[in-house]
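Engineer: what's the 3D shape of this:
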Amino acid sequence: MRTTHEDPSTGQKVFYRPIEAAIRWSGLLQHEQQIIERIGMQQRPGPGDFSEWPYLHLNAERIVDALANGDLAYGKNGITCDDPTLLDSPDLTVRHVDLKAWMSEFYPGEKPGFLFNAVERRLCHTVTIETVQTLLADREALKIRLTDEAKASERLQIQLDTLRHEHEAGIRHAKQAQEPSPRSESTYLNIVAGLLTLLLGHSPSGRPYSSFNTQDAVISTLIAHHGEQLGISQSTLENKFAQAKRHLRAG
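Structural biologist: Numbers count the residues shown, from 1 in each chain. The predicted structure is shown next:
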């Protein structure tokens, strides 16, 4: 049989007999001599062998099943060849690289140390090429979505700014509409001054036009009847009356 060197720390070799691979997969390298002495040249333990190590039976069956179904390449003494008669031969071997590829595909959650280094064992076994491609596609879709949302947000901001400017312009227009023009202001002041003169004035014969004798009396009566209205207060009326009288005299 072709011989191969072995890494004593990991049990790694270039090729393995199926039972040797199952021993390493099950973490039983320290018991390899004991197991080999008991089963001899068989490919797997018998039903009554090593009941204390159930994973040895399971992993050996997995390997033999893969060989029989063509999922795992095999050969003779480390040389790959497709010869079904080898399946029952003690010379049947599987190469390290083929065993690693098979396990990565069919048992991605398994990372035995004789096949995978420390970095490979730390990698998430669920991250496949398909997963990475899906994640990249999702990332691109998310970027497009964020770009679209940013553009939509920008459009909404423009609309908001437009509405705010229109609102501010409307407020300014309303204030301007509420404020009397200089001509209207002049008219109002003349009317107020004229009415105040009549209320406090006398006819040519000396008869009072009203019962009010003073401006204070007029203001007190206005406040008594309409004090809840805007502008009907002592200070405002005094100021407006004085302004009206000045305006009438100046005109």
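Engineer: All the helices of the stretch 1-150 of the chain, in order from the start?
Structural biologist: Per DSSP state H, counting those that start in this stretch, the stretch 1-150 of the chain carries helices over the ranges 18-25, 32-39, 54-68, 96-106, 118-122, 129-178.
Engineer: right, I mislabeled it, should have said the stretch 151-251 of the chain
Structural biologist: Read by DSSP H, counting those that start in this stretch, the stretch 151-251 of the chain holds these helices, from start to end of the chain: 182-200, 215-226, 234-250.
Engineer: quick check: mean pLDDT across the second one?
Structural biologist: So the one you mean is helix 215-226. Per-region confidence: helix 215-226 scores 87 on mean pLDDT.
Engineer: Pull the residues that contact it.
Structural biologist: 196, 199-200, 212, 232-234, 237-238, 241 (Cβ atoms under 8 Å, 6 or more residues apart in numbering). The way it works is simple: take the backbone N, C-alpha and C, and place the C-beta from them, glycine included.
Engineer: related to what we said a few turns ago, nearest to Arg122, out of the helices of the stretch 151-251 of the chain?
Structural biologist: Across the helices of the stretch 151-251 of the chain, Arg122 has its closest neighbour in helix 234-250 (84.2 Å, Cβ to Cβ).
Engineer: and the angle from the closest one to helix 182-200?
Structural biologist: Per axes from the mean of the first three to the mean of the last three Cα atoms, to 10 degrees, the angle that helix 234-250 makes with helix 182-200 is 100 degrees.
Engineer: Please determine how far Leu99 is located from Ala152.
Structural biologist: Separation of Leu99 from Ala152 (Cβ to Cβ, to the nearest Å) stands at 54 Å.
Engineer: okay, the two: which has more neighbours?
Structural biologist: Leu99 (25 against 10; other Cβ atoms under 10 Å).
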